[in-house]
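Q: My questions are about this predicted structure, shown below with the sequence.
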Amino acid sequence: MIKRAGSTVTFVLPADVGAVSVVGEFNGWDPLAHPLRKRSNGTRSVRIDLPTGRHAFRYLAEGGAFFDDPDAELEPNGYGGTHSLVTV
C-alpha cells in the first residue's frame, strides 16, 4: 500500500513479508537506503520525501527477491519484468 501526503510517500507492507527495502530511481536502487521498519500495528513501513513526478520502484526482500507493490500502477522495466510506479 502507498500513502501520499504532499511530497511525502509512505510505503506500507504486512509485517509477515519479513525484512524488505524499497528501491527505486529516487535512491539509486540502493537496498540500504530505505528499509521498511516493523511497526506495532503489524505492518512494515518507511516514509520518503520525493520530488514531484513519476517514480519507478520495487521492493527487495531478504534473499534478493524483487516484487512489485500490489496496489501500484505497473510498467515494463526493460528487463522482461515490471516495476511499480508512484506519482507525487
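A: Now that the structure is in, tell me what you want to look at.

Q: which residue ends up closest to the midpoint of the chain in space?
A: For the chain, the residue nearest the mean C-alpha position is Val22 (3.7 Å; CA atoms, centre = their mean).

Q: Which residues does the helix or strand hosting that residue contact?
A: Counting by DSSP states H and E, the element that carries Val22 is strand 20-24. Contacting residues not belonging to strand 20-24 are listed as 11, 13, 29-36, 44, 46, 48, 55-62, 83 [CB atoms under 8 Å, 6 or more residues apart in numbering]. Bear in mind the C-beta positions are built from the backbone N, C-alpha and C, glycine included.

Q: Mark which of those residues are buried, thanks.
A: Among the contacts of strand 20-24, the ones that count as buried by 16 or more other CB atoms under 10 Å are 11, 13, 29, 31, 34, 36, 44, 46, 48, 55-61, 83.

Q: I figured Arg4 hits His55, correct?
A: No: contact status for Arg4 versus His55: not in contact, 11.5 Å apart, counting by CB atoms under 8 Å.

Q: Which neighbours do these two have in common?
A: Here Arg4 and His55 have Val86, Val88 as joint contacts, going by CB under 8 Å, 6+ apart.

Q: How much space separates Pro14 from Thr52?
A: For Pro14, the distance to Thr52 equals 29 Å [CB to CB, to the nearest Å].

Q: Between the two ends of stretch 47-59, how far is it?
A: 14 Å (CA to CA, to the nearest Å).

Q: wait, I meant stretch 12-22
A: Its first and final residues considered, stretch 12-22 spans 10 Å by CA to CA.

Q: picking up where we left off before, partner strands of the helix or strand just after the strand holding Val22, with direction?
A: Sequence-wise, the next helix or strand downstream of strand 20-24 (DSSP H and E) is strand 37-38. Its sheet considered, strand 37-38 pairs with strand 43-49 (antiparallel) by DSSP bridges.

Q: for the partner strand, what is the average pLDDT?
A: Mean per-residue pLDDT for strand 43-49: 96.

Q: residues making contact with it?
A: For strand 43-49, the surrounding residues in contact (CB under 8 Å, 6+ apart) are 7-15, 17, 20-22, 26-27, 34-39.
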